[in-house]
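> The following comprises the amino acid sequence and a computationally predicted model.
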Amino acid sequence: MRSNVTTAQKFCTKAELIDLLPEGFQLLDFDFGDLDGDGDKDCLAAYRLIDEDEYSSELALRPVIVYLRGAGEQLIEFSRNDNALYCYDCGGCIGDPFIGISIENCEFQISHLNGCWFRTSLQTTFAYDSLISQFVLIEHKTVSGNVISEDDSPIHLKEEVIRYNRKITFESYDINVEMNR
Ligand SMILES: [Ca+2]
């Protein structure tokens with residue numbers, strides 16, 4: 001009987017995550033779920049600087065951290081990326097393009113939305129690769145189009161999915177580099 005599962009899951013609360021806050025940062029979003037397929041709930045968290053507005057956007061770090069549930073039932077930082085989120089004013093008319101992060105079926109997603117009349121939503125998906133014990137880029141999915149019709153014609157949105165070959169690790173991923181290739 002895996003008694004540790006029940007014990008671990010009862011700690012999956014925001015309070016548990018607050019104890020892990022990097023100094024100087026506050027939570028943007030978080031989610032709990034099994035990321036590495038061992039049945040124990042792990043955590044994904046996105047952060048912003050507490051005084052973010054006092055920094056120029058290119059210097060304002062927005063880390064995303066993967067925490068895996070260790071043998072001692074505690075969350076342990078496994079992987080960090082400071083370049084997986086767009087900057088706080090990179091969303092065009094929308095301003096802050098960050099939508100959220102989520103965990104589903106041992107994968108996790110980072111979602112953005114930017115633009116004005118022409119808007120693009122972007123969902124970036126990573127998954128755990130047990131061969132290299134790293135999270136790797138799986139997919140970029142964009143949905144874009146004019147969201148305001150000038151002549152009452154139907155709004156047409158274009159969906160595009162780019163699949164990756166698991167060679168880009170989460171830690172090495174840079175959203176600005178990959179989206180400008
Ligand atoms: Ca797990």
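Great, that's in hand. Computed from a predicted model, the values in this text were never measured in an experiment.
> For the rest of this, base every contact and every neighbour count on C-alpha atoms.
OK.
> What lies in contact with stretch 151-163?
The contact list for stretch 151-163 (C-alpha atoms under 8 Å, 6 or more residues apart in numbering) reads 138-149.
> State the distance from residue 62 to residue 151.
In this view, residue 62 and residue 151 are 40 Å apart by C-alpha to C-alpha, to the nearest Å.
> more neighbours, those two?
Taking other C-alpha atoms under 10 Å, residue 62 and residue 151 do not tie; residue 62 has more neighbours (25 against 6).
> Identify the residue nearest the more buried one in space, chain neighbours excluded?
Among residues not flanking residue 62 along the chain, residue 48 sits closest, at 4.9 Å (C-alpha to C-alpha, 6 or more residues apart in numbering).
> Mind giving me the packing neighbours of the helix or strand hosting that neighbour?
Using DSSP states H and E, residue 48 sits in strand 42-49. The criterion is 3 or more C-alpha pairs under 8 Å, 6 or more residues apart in numbering; DSSP states H and E, and the helices and strands that strand 42-49 contacts are strand 25-33, strand 64-69, strand 98-104.
> highest average neighbour count across those strands?
Mean neighbour count (mean count of other C-alpha atoms under 10 Å) peaks for strand 64-69 among the helices and strands packed on strand 42-49, with a mean of 23.
> could I have that one exported to CSV, CA atoms only?
What follows is strand 64-69, C-alpha atoms only, in CSV (Å, rounded to 0.1, in the frame of the first residue of the first chain):
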residue,chain,number,x,y,z
VAL,A,64,8.4,29.2,-14.1
ILE,A,65,9.4,26.4,-11.7
VAL,A,66,8.7,22.7,-11.8
TYR,A,67,8.5,21.1,-8.4
LEU,A,68,8.4,17.3,-8.1
ARG,A,69,7.2,15.4,-5.1
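> for it, what is the average pLDDT?
Average pLDDT, strand 64-69: 96.
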